[in-house]
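[1] okay, here's the prediction I keep looking at, along with the sequence it came from:
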Amino acid sequence: MSAPACGAGRAARKGRGRATMDIDKLAKRFQNCPCGRKHESGVRAVHIAPGIVRDAGRLLKDGGFPRNILLVADENTVAAAKGIFPALNGFSVRERIYKDKREPFMEDVDEIVRLSDGRDGILSVGSGTLNDICRLAAFRSGKAFAIFATAPSMDGFASKDAPIVKDGFKLSYPAAQPSVIIGDSEILARAPVRLKSAGFGDMMGKYTALVDWQAARLLTGEYLCRNVYDMTFEAAERIFRMADGVTRDDPETAGHITECLILTGMGMAFTGNSRPASGTEHIVSHFWDITRLAAGEQPDFHGLQVGVATLLISRLYNGAARFERAARVKERTDWDKVYAVYGARAGDIRRANSPSVMDEILPGAIEKRWGEIRGHIKRYLDTDAIEAAMRAAGCPTDIAGIGITPRLCEAATEYHPYMRRRMTLARAMKAIEFA
Ligand SMILES: [Zn+2]
Ligand SMILES: [Zn+2]
């Protein structure tokens, strides 16, 4: 694939780890997109460079961010973002500093909405969970929103959706895009190794996500923007090539990776759904999340789970790709068993599956399109190569490394496709016979 992608939106580098993204150039690339859709982004400025924590206040002001703000962080991210408070000289700052915020609960969102009363903007200092809480709170309260990133740990920075846990179920809610994203590449490079590896794992999920996107297009005629698709693929490839540098304290690698993570989030905002960045491997990870949360356990980092799930799905898909022919057969789903597995959530699962997404499969599509789907699997899913890169990047590559039991792994592999109303190859495989 030849799209300039990741590098397309980058202005000239002036120093080590500097990668201030040229948003105008990116917008231009997506103007009059051949897919026919309008691709819009609310992100006005992205700054990634070494030492720019001291410029945070100025960069926010330049980006039109208000000065009367609520700053949301936890003790870890405040310690990481040393220098952020002096940099906000001239701002009126109310703070909400959590002790250690690992999961985003709806109660947190409600609290931030309340605390933002009388403030004009919400500044999220952190990555992942803290961003998601603020993203939804900013959307619901109509406040300006900005991110000071502290770890290259996931690809949600520029996203328009926030996965939030409500009543024990993790769902994605429409949320606010940040108008300004700032990442000090020295801080990003010093992030805990597991968080940096998590960002890498999250990006490996793009390979299976893109196969699922193609499968949905081929089987149901679902919309796919080639431009966004190429940008996501290039971002994944670029990160893949940086595997060796992930665990090092290297601002340049951390800056590049953060930039690619931001671009992937932009891709989701451009298509208006999470197709470019999230396929069935993300649903597996969400399955693990809800099961562990229900058991009172703390799930591992999102990106680490996604990485392991990517390997599982890559093996599953490659197993199918050994066969030359595929035919649609009667669905092999024992619904009573499915509802039993989801327990108290059975009602949600029932709703997510009625009508069934399988009804959207076009007549004869499985038989006619299998060759192309198989081609995408062979092209994108080299399980050994992905596994080797993950190992180099410090990612766990098996379920033991993320605290998942074989039993939970089996349940996730078998039952995750029913959790969302979304066509994935894993979902379609419930009604395919291979030969
Ligand atoms: Zn497009
Ligand atoms: Zn993810």
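    Thanks, I have the structure now. Ligands and ions are numbered 1, 2, ... in the order given.
[2] residues near T413, how many?
    Applying other C-beta atoms under 10 Å, we find 18 residues neighbouring T413. Bear in mind the C-beta positions are built from the backbone N, C-alpha and C, glycine included.
[3] ignoring the adjacent residues along the chain, who's closest to it?
    Closest residue in space to T413, ignoring its immediate chain neighbours: L312 at 6.2 Å, by C-beta to C-beta, 6 or more residues apart in numbering.
[4] quick check: residues of the protein near ligand 1?
    Neighbours of ligand 1 within the chain, by C-beta under 5 Å from the ion: 33, 35, 225, 227.
[5] what segments of the stretch 101-250 of the chain are strands?
    With DSSP state E, counting those that start in this stretch, the ranges of strands along the stretch 101-250 of the chain come out as 121-125, 144-149, 161-166, 169-174, 180-184.
[6] what about A151, how many residues nearby?
    26.
[7] touching, it and R194? I think so.
    No - counting by C-beta atoms under 8 Å, A151 stays clear of R194, with 9.5 Å between them.
[8] follow-up on the earlier one: which stretch in the strands of the stretch 101-250 of the chain has the least confidence?
    Note on the strands of the stretch 101-250 of the chain: lowest mean pLDDT is at strand 169-174, with a mean of 86.
[9] adjacent strands (with direction) for that strand?
    strand 161-166 (antiparallel) (DSSP bridges).
[10] pull out the buried positions in the strand it pairs with.
    161-165 (16 or more other C-beta atoms under 10 Å).
[11] show me the contacts for S278.
    S278 sits next to 205, 209, 268 when contact means C-beta atoms under 8 Å, 6 or more residues apart in numbering.
[12] does it lie in a helix or a strand, and which?
    In the assignment (DSSP states H and E), S278 maps to no helix and no strand.
[13] where does it land on pLDDT?
    94.
[14] over to A11?
    We have a pLDDT of 36 for A11.
[15] hang on, the earlier thing: farthest pair in the buried residues of strand 161-166?
    In those, two members sit farther apart than any others by C-beta to C-beta. They are D161 and V165, at 14.1 Å.
[16] thought H416 was touching G279?
    No - counting by C-beta under 8 Å, H416 stays clear of G279, with 11.1 Å between them.
[17] mind checking which of those two has more residues around it?
    G279 (30 against 24).
[18] how about the contacts made by that one?
    205, 208-213, 313, 424.
[19] 10 Å - rerun?
    Contacts of G279 were listed using C-beta atoms under 10 Å, 6 or more residues apart in numbering, and they are 205-216, 306, 309-310, 313, 422, 424-426.
[20] same question for R114.
    Per C-beta under 10 Å, 6+ apart, neighbours of R114: 96, 137, 141.
[21] tell me the phi and psi of Y317?
    Y317 adopts backbone torsions of phi -70, psi -40, taken as degrees, to the nearest 10.
[22] separation between it and H416?
    Per C-beta to C-beta, to the nearest Å, Y317 is found 14 Å from H416.
[23] again, but for I283
    Distance from I283 to H416, by C-beta to C-beta: 5 Å.
[24] overlap of the contact sets of those two?
    In contact with both I283 and H416: 309, 313, 424, 426-427, using C-beta under 10 Å, 6+ apart.
[25] reformat these as CSV; add pLDDT and secondary structure.
    Listed next are those as CSV, based on pLDDT from 0 to 100; DSSP: H, G, I helix; E, B strand; the rest coil:
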residue, pLDDT, secondary structure
A309, 98, helix
I313, 98, helix
T424, 98, coil
A426, 98, helix
R427, 98, helix
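[26] most neighbours, which of the residues you listed?
    Within those, most neighbours by other C-beta under 10 Å means A309, with 31 neighbours.
[27] ok so, going back, what sits in contact with each of A151 and R194?
    In contact with both A151 and R194: F301, using C-beta under 10 Å, 6+ apart.
[28] ok so, going back, joint contacts of H416 and G279?
    If you check H416 and G279 against C-beta under 10 Å, 6+ apart, the residues they both contact are 309, 313, 424, 426.
[29] which parts of the stretch 201-350 of the chain are helices?
    226-241, 251-271, 280-294, 302-321, 335-342, 346-352 (DSSP state H, counting those that start in this stretch).
[30] check contacts around A162.
    104, 109, 129, 131-139, 156, 171-176.
[31] A269 too?
    Applying C-beta under 10 Å, 6+ apart, the residues near A269 are 39-43, 158-161, 177, 228, 276.
[32] quick one on the thing from earlier: adding neighbour count and pLDDT as columns, could you present the residues of the chain next to ligand 1 in TSV?
    Listed next are those as TSV, based on neighbours: other C-beta atoms under 10 Å; pLDDT from 0 to 100:
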residue	neighbour count	pLDDT
C33	15	96
C35	16	96
C225	23	98
N227	19	96
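[33] dump these into a markdown table; add distance to A326 as well.
    Formatted as a markdown table, those follow (distance: C-beta to C-beta, whole Å):
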| residue | distance to A326 |
| --- | --- |
| C33 | 32 |
| C35 | 27 |
| C225 | 26 |
| N227 | 29 |
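[34] quick one: which of the residues you listed is nearest to R345?
    Minimum distance to R345 across those is 32.4 Å, recorded for C225 (C-beta to C-beta).
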